[in-house]
Structure formats: C-alpha cells, structure tokens
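Visitor: Structure for the following, please:
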Amino acid sequence: MQETRNWLRRLRVAKGYTQEQVAEKTKMSRSLYGHIESGTRGATVKNAKKIAKLLEFDWTLFFANESYEMKQKSKVS
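Guide: Model prediction:
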C-alpha cells in the first residue's frame with residue numbers, strides 16, 4: 001500500500017474541487033479517484049495525465065516517489 005497523497009489532496013482543495021468533481025471532470029468513478037488520492041491504488045498513466053491536466057501539475061509526480069524508492073531498493077540489493 002502506498003502512502004497517502006497529501007500533496008494531491010492539497011492541490012485539489014486549492015483548486016476548489018471536491019473528489020466528486022475531479023472524478024466527474026476526469027471521467028472516472030469517485031471511488032477510484034478517492035483510492036488514487038488516498039494511495040490505496042496507483043494511478044495509471046492515462047488517469048495521472050487527466051488528473052494532472054485538470055489540477056495543473058506535472059503528471060510524473062504520481063510516479064516520482066515510487067521511482068525513487070525503487071532506485072533505493074536496487075542499491076541495497
């Protein structure tokens with residue numbers, strides 16, 4: 001399970017959107033968006049791009065932390 005994406009919640013709130021509104025505008029279920037925001041599900045590239053476009057941030061932020069963690073694990077191995 002991933003860590004809660006507090007940065008995503010802060011961006012959404014700063015833009016004045018509810019989870020329901022983001023889900024509707026990005027054509028995904030509110031449940032799916034909620035899971036992505038809470039970190040219990042990962043975002044696909046397609047969904048990451050849709051959310052990032054709406055909230056105006058670089059979509060690669062969704063994968064930056066996972067990439068860093070993978071690099072750290074591979075150094076230990």
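
Visitor: Verify the stated contact: Ile36 with Asn47.
Guide: Yes - counting by C-beta atoms under 8 Å, Ile36 touches Asn47, with 6.8 Å between them. For the C-beta atoms, the positions are set from N, CA and C on the backbone; glycine is no exception.

Visitor: Neighbour count: these two, which is higher?
Guide: Each of Ile36 and Asn47 has its neighbours counted (other C-beta atoms under 10 Å); Ile36 has more, 25 against 19.

Visitor: which ones are touching the more buried one?
Guide: Arg5, Leu8, Gly42, Ala43, Asn47, Ile51 (C-beta atoms under 8 Å, 6 or more residues apart in numbering).

Visitor: Out of these, the closest to Ser29 would be?
Guide: Asn47 (10.9 Å; C-beta to C-beta).

Visitor: What is the least confident helix or strand in the chain?
Guide: helix 61-76 (a mean of 55; mean pLDDT, DSSP states H and E).

Visitor: tally of neighbours for Gly16?
Guide: 7.

Visitor: what kind of secondary structure is it in?
Guide: coil (DSSP: H, G, I helix; E, B strand; the rest coil).

Visitor: what pLDDT does it get?
Guide: Gly16 is assigned a pLDDT of 98 by the prediction.

Visitor: how close does it sit to Ile36?
Guide: Distance from Gly16 to Ile36, counting by C-beta to C-beta, to the nearest Å: 19 Å.

Visitor: Kindly format the C-alpha coordinates of the host helix or strand of Lys49 as CSV.
Guide: Lys49 belongs to helix 45-55 when assigned by DSSP states H and E. Output in CSV follows, covering the C-alpha atoms of helix 45-55 (Å, rounded to 0.1, in the frame of the first residue of the first chain):
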residue,chain,number,x,y,z
VAL,A,45,-0.5,7.0,-16.8
LYS,A,46,-3.8,7.8,-18.5
ASN,A,47,-5.5,8.7,-15.3
ALA,A,48,-2.4,10.5,-13.9
LYS,A,49,-2.4,12.7,-17.0
LYS,A,50,-6.1,13.5,-16.8
ILE,A,51,-5.9,14.5,-13.1
ALA,A,52,-2.7,16.5,-13.6
LYS,A,53,-4.2,18.4,-16.5
LEU,A,54,-7.2,19.4,-14.5
LEU,A,55,-5.3,20.3,-11.4
